[in-house]
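1. Provided below are the primary sequence and the corresponding predicted coordinates.
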Amino acid sequence: MKYLIARFSYQPDLSSDEDTGKENLTLEMKEESILRQLTYTAVNFVAVLLDPLREQNQNPTNPHQQKQNHPPPQQLPHQPSTSTTPTTLRSFILTNPTILEPLLLFSTHILTTPDSRSTTTITKVLRTIVPHFAALSSPDNPTTSAIREYIATSILKAAITSLNDGYFADLQKDLASLIATIWVAYGCITHFPAVHAASQTSDGSGEPGSVIITPAYDRPPLSPTPREIILSLPNMTVERVDAVAAALTATGGVAGNVRQQRALVLDLLDGLRGVRVSELGKIRGLERGVEKSRLQERYMRVTGQQGQGEGVEVGEGGGQEGMEGVEGKVGEGEEELDLVGVGELLG
């Protein structure tokens, strides 16, 4: 892991000599290709270890698995029962901080690593880990709280950093889904419905009724960290953040509508989203079709007048006076050209 992180942060020092520079560039490209493949292999290994559907994806029609899934031998009456719930590899890793800590640290670095395939895979893996430490079955101890705080701090910051990077412009939906999952799981109110159990007595219809074992209730946020990090971002207000948090809670929690949660986060962080290199320098008003600049409107009006024969009359001296008139009309308002945001993008 340290090797991969160090190699991605390495900046080559190419020689000024042309021939040597070409050789160094070719070697650097080969090393980068090998590095990306090694990183992707390591990320896939982490995904296999933490895949929640790994045990369920086994092929029951495989004859080798059918032989292994034979029923256990019958136990004698005097022998105690040894049947226990099997511990999966995923649950073992998630409950063992010694193994989980380096995996989370590696995943955090991969979120900001300039490799789209690895970042996409690790984002999906982290989305399956986050709800585990917010479930009611998860033990409430200092270890679980520390892991939850690390996810709500380091991993959330790394996801926001990548969302702001233009290199990850095509992965913004996946990153927004991860941000929404962390925020919903740890930083929003969670509603738990009532738990019912069958009753021996019947209701008025003569059918068996049910008894409420646990009434419905709302659990407060497990950590204030996600809200504080979102509020620390530029142009964020308490009203906007709290409104989005309430909307996220209304989507159904961690198991709710992922598309709605992702859309809410993307809309809230719209001003922080990275822009592709090919789109840098474009005028926002012309790019999004929101409004036309004054220069463009005046040019279109003058062009339309010329097409209808209502333009400026051409003088006898070769049209010099007429062109000056048109030039004057087009030149008016040039200082009001809508260049909002260009300086920020290029800065």
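-> Structure's in. What do you need? Numbers count the residues shown, from 1 in each chain.

2. measure the nearest residue to residue 257 once chain neighbours are set aside to residue 173 for me?
-> Nearest residue to residue 257, sequence neighbours excluded (CB to CB, 6 or more residues apart in numbering): residue 251, at 4.8 Å. Backbone N, C-alpha and C define where each C-beta goes, glycine included. Residue 251 is 16 Å from residue 173, where distance means CB to CB, to the nearest Å.

3. higher neighbour count, those two?
-> residue 251 (20 against 14; other CB atoms under 10 Å).

4. and the more buried one, what is it in contact with?
-> Contacts for residue 251 (CB atoms under 8 Å, 6 or more residues apart in numbering) come out as 184, 257, 260-261, 264.

5. Closest to residue 227 out of those?
-> residue 184 (11.7 Å; CB to CB).

6. Surely that closest one forms part of a helix?
-> Yes. Assessed with DSSP: H, G, I helix; E, B strand; the rest coil, residue 184 lies in a helix.

7. Now do the same contact list for it.
-> 248-249, 251, 253-254, 256, 261.

8. For PyMOL, what selects the buried ones among the residues you listed?
-> Selecting only the buried entries of the contacts of residue 184 in PyMOL, with 16 or more other CB atoms under 10 Å as the criterion:
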select buried, resi 248+249+251+253+254+261
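
9. correct me, but residue 249 touches residue 183?
-> No. Applying CB atoms under 8 Å as the test, residue 249 and residue 183 come out as separate, 10.0 Å apart.

10. which residues are common contacts for the two?
-> Counting by CB under 8 Å, 6+ apart, nothing touches both residue 249 and residue 183.

11. Tell me which residues of stretch 140-147 come out buried.
-> Buried, per 16+ other CB under 10 Å, within stretch 140-147: 144, 147.

12. What is the neighbour count of residue 176?
-> Using other CB under 10 Å, residue 176 is surrounded by 25 other residues.

13. wait, I meant residue 53
-> Count around residue 53 with other CB under 10 Å applied: 9.

14. that's a helix at it, yeah?
-> No. Residue 53 is assigned coil when assessed by three-state DSSP, not a helix.

15. what does the helix or strand containing residue 109 rub up against?
-> Taking DSSP states H and E as the definition, residue 109 sits inside helix 97-111. Contacts of helix 97-111 with the rest of the structure, by CB under 8 Å, 6+ apart, involve 1, 4-5, 39, 42-43, 46, 49-50, 92-94, 118-119, 122-123, 125-126, 129, 143, 147, 150-151, 154-155, 158-159, 161-162, 175.

16. Can I get that helix in CSV? Just the C-alpha atoms.
-> Taking C-alpha atoms only, helix 97-111 is exported to CSV below (Å, rounded to 0.1, in the frame of the first residue of the first chain):
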residue,chain,number,x,y,z
PRO,A,97,-9.9,-3.5,13.7
THR,A,98,-6.4,-4.9,13.2
ILE,A,99,-7.4,-6.0,9.6
LEU,A,100,-10.0,-3.3,8.9
GLU,A,101,-7.8,-0.3,9.7
PRO,A,102,-5.2,-0.7,6.9
LEU,A,103,-8.0,-1.6,4.5
LEU,A,104,-9.8,1.7,5.3
LEU,A,105,-6.6,3.6,5.0
PHE,A,106,-5.9,2.1,1.6
SER,A,107,-9.4,2.8,0.4
THR,A,108,-9.1,6.5,1.5
HIS,A,109,-6.0,7.0,-0.6
ILE,A,110,-7.5,5.2,-3.6
LEU,A,111,-10.4,7.7,-3.5
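
17. can you give me the helices for the stretch 151-300 of the chain?
-> 156-164, 172-187, 225-231, 238-250, 258-268, 284-288, 294-307 (DSSP state H, counting those that start in this stretch).

18. How about the third one, which residues are buried there?
-> Of all the residues in helix 225-231, those buried under the rule 16+ other CB under 10 Å are 225-227, 229-230.

19. count of neighbours near the nearest residue to residue 129 once chain neighbours are set aside?
-> Leaving out its chain neighbours, the residue that sits closest to residue 129 by CB to CB, 6+ apart is residue 50, at 6.3 Å. Residues near residue 50, counting by other CB under 10 Å, number 20.

20. residues contacting residue 50?
-> Taking CB under 8 Å, 6+ apart, one finds 90, 93-94, 103, 125, 128-129 in contact with residue 50.

21. Dihedrals phi and psi, it?
-> Note on residue 50: backbone dihedrals following degrees, to the nearest 10 are phi -110, psi 20.

22. got the residue ranges for the strands in this protein?
-> Using DSSP state E, the strands of the chain run over residues 190-192, 195-202, 208-214, 217-219.

23. Deepest in the core, which of the ones you listed is it.
-> Counting by mean count of other CB atoms under 10 Å, strand 190-192 has the highest mean neighbour count of the strands of the chain, with a mean of 15.
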